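Student: The following block contains a protein sequence and its predicted model.
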Amino acid sequence: MTGATGRVALVTGASSGIGAATARLLAAREMRVVVNYLRSDTAARDVVAGIEAAGGRAMAVQADVREAVAVEGMVEQVRAAWGGIDVLVHNALTPYVIKPFQDITWEELGGKLDDEMRAAFAVTRAVLPAMTEQGWGRIIYLGTGLSRSPREGMIALGTAKAALAQFARYLAQELGPQGITVNVVEPGPVEDTRMAKVFDDEHKQRQVTATPLGRLARPGDVAQAVAFYASEDNAFMTGTTAAVNGGMSMY
């Protein structure tokens, strides 16, 4: 990555999994990283401590990304310390149920849709003024391959993330003239995440068998794709989706 020194990156949901891996990688590439978390204070501070021990700069900031007031407070805290946010990695995963359509309630499906879009709306609105003012910004949303390739029981998550992906394309079209790129990273199954713990070993083995590269993704694999989209090197890709799934789904 070139020219990243001093850029400020906000990574939502960064206390573990993909978010933590992304925070560490962006810090290693000389960005100042805001490690957002909801409840995992100790884990978030451990991520910050690890970054600082490696010579990087980071701060942990608590905020529920579904709450606009909390998000504005977080961005103001960052602004006071480091200035405006240059890179947004929106990774925070709001709760969802795993149920077939015939068992799911509208409150469960509609609630996930509302949480997903409310959070994306709030964090994006909060970081845009600084990006717009400087005529440069990078926005990366974490989606899921389930938004394109349905799997039993995952209708709430897959539908919500499909909405997020289309939201990203509209933003890419609108914000491009202002020097802001907007892209989506869609992982397949990822080891060492909350979602990975939902399914048993037999299910996991079926996923591995269906993957040409012969393993599931690790958080660091996803972080690499995010880091490219966040970099100065990504000067001409916007409105795109990176599928990080080892070839499990090709589209």
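Tutor: Sure thing, it's come through. Numbering: from 1, shown residues only.
Student: Name the residues of the longest helix that the chain contains that are buried.
Tutor: When the chain is parsed with DSSP state H, its longest helix is helix 106-134. Neighbour counts over helix 106-134 (16 or more other CB atoms under 10 Å) mark 108-109, 111-113, 115-117, 119-120, 122-124, 126-128, 130-131 as buried. For glycine as for every other residue, the C-beta is placed from the backbone atoms N, C-alpha and C.
Student: For residue 62, grab the count of nearby residues.
Tutor: Residues near residue 62, counting by other CB atoms under 10 Å, number 17.
Student: mind listing what it touches?
Tutor: 36, 37, 38, 41, 44, 74 (CB atoms under 8 Å, 6 or more residues apart in numbering).
Student: any idea how far the third one is from residue 99?
Tutor: Which is residue 38. The gap separating residue 38 from residue 99 is 23 Å, by CB to CB, to the nearest Å.
Student: show me where pLDDT drops low in the stretch 101-250 of the chain?
Tutor: Along the stretch 101-250 of the chain, the parts satisfying pLDDT under 70 run over 194-199.
Student: Mind doing that once more with 80?
Tutor: Under the criterion pLDDT under 80, the flagged ranges of the stretch 101-250 of the chain are 192-200, 203.
Student: Tell me which stretches of it form helices.
Tutor: If DSSP state H, counting those that start in this stretch is used as the criterion, the helices of the stretch 101-250 of the chain fall at 106-134, 155-175, 201-209, 219-230.
Student: Restrict the third one to CA atoms and write it as CSV.
Tutor: Same thing as helix 201-209. Only the C-alpha atoms of helix 201-209 are listed here, as CSV (Å, rounded to 0.1, in the frame of the first residue of the first chain):
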residue,chain,number,x,y,z
ASP,A,201,-18.2,-30.4,12.0
GLU,A,202,-20.1,-32.4,9.4
HIS,A,203,-21.6,-29.2,8.0
LYS,A,204,-18.2,-27.6,7.9
GLN,A,205,-16.7,-30.6,6.1
ARG,A,206,-19.3,-30.3,3.4
GLN,A,207,-18.4,-26.7,3.0
VAL,A,208,-14.7,-27.5,2.7
THR,A,209,-15.5,-30.2,0.1
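Student: out of the helices of the stretch 101-250 of the chain, which comes closest to residue 56?
Tutor: Checking those against residue 56 by CB to CB gives helix 219-230 as the closest, at 13.3 Å.
Student: Can you give the contact residues for the closest one?
Tutor: 1, 9, 17-18, 20-22, 24-26, 29, 31, 87, 89, 138, 140, 142, 181, 183, 185, 187, 190-193, 234, 237, 242, 244.
Student: one step back: tell me which strands and helices the longest helix of the chain is in contact with?
Tutor: Identification of packing neighbours for helix 106-134 by 3 or more CB pairs under 8 Å, 6 or more residues apart in numbering; DSSP states H and E yields helix 68-82, strand 87-90, strand 137-142, helix 155-175, strand 180-187.
Student: and if we set it to 10 Å?
Tutor: Counting contacts by 3 or more CB pairs under 10 Å, 6 or more residues apart in numbering; DSSP states H and E, helix 106-134 is packed against strand 8-11, helix 68-82, strand 87-90, strand 137-142, helix 155-175, strand 180-187.
Student: What pairs with the fourth one, parallel or antiparallel?
Tutor: For strand 137-142, the pairing partners within the sheet under DSSP bridges are strand 87-90 (parallel), strand 180-187 (parallel).
Student: what's the most buried one of those strands?
Tutor: With neighbours defined as mean count of other CB atoms under 10 Å, the strands paired with strand 137-142 peak in mean count at strand 87-90, which reaches a mean of 28.
Student: Thank you kindly, that will do.
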